[in-house]
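Peer 1: missing the sequence, but the structure's below:
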């Protein structure tokens, strides 16, 4: 096996590990945790009413991995006030196409089932939080 083939095999193994970890995290979300959003449950998720924030991400995206813990913290801190979901754009193409997700991470902010904001890129919590909470 060549060095390039070994690197590719390691890369694929790591991607599978990360996918498995994410699936386990979303298997049974606790109160205040993010919910896993898919093409199939997207409409149901945003129709929960109130404020719903969908984090559009991918396993291979470093900025997404930086934003993930911030979104998880916000989900815990705003449990009962804001629903936070995570949508893997590599596995859910329909929503990504419908909302023209061209850069990730992208947060889609819905209020009463209507898209009211789109936040693109990673930023610290102190900058992100007011952008979301202004819609409460």
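Peer 2: Yep, that arrived. This is a predicted model, so every value here is computed, not measured.

Peer 1: worst mean pLDDT across the helices and strands of the chain, which element?
Peer 2: Across the helices and strands of the chain, mean pLDDT, DSSP states H and E gives its lowest value to helix 3-27, namely a mean of 75.

Peer 1: pairing partners for the very next helix or strand once past that one, with directions?
Peer 2: With elements assigned by DSSP states H and E, the helix or strand that comes after helix 3-27 is strand 35-37. Neighbouring strands of strand 35-37 in its sheet, by DSSP bridges, are strand 82-88 (parallel).

Peer 1: on that earlier part again, now for the least confident helix or strand of the chain, which elements pack on it?
Peer 2: If contacts are counted by 3 or more CB pairs under 8 Å, 6 or more residues apart in numbering; DSSP states H and E, helix 3-27 sits against strand 35-37, strand 82-88. Glycine gets a C-beta too; all of them are placed from N, C-alpha and C.

Peer 1: let's see it at 10 Å
Peer 2: strand 35-37, helix 62-77, strand 82-88 (3 or more CB pairs under 10 Å, 6 or more residues apart in numbering; DSSP states H and E).
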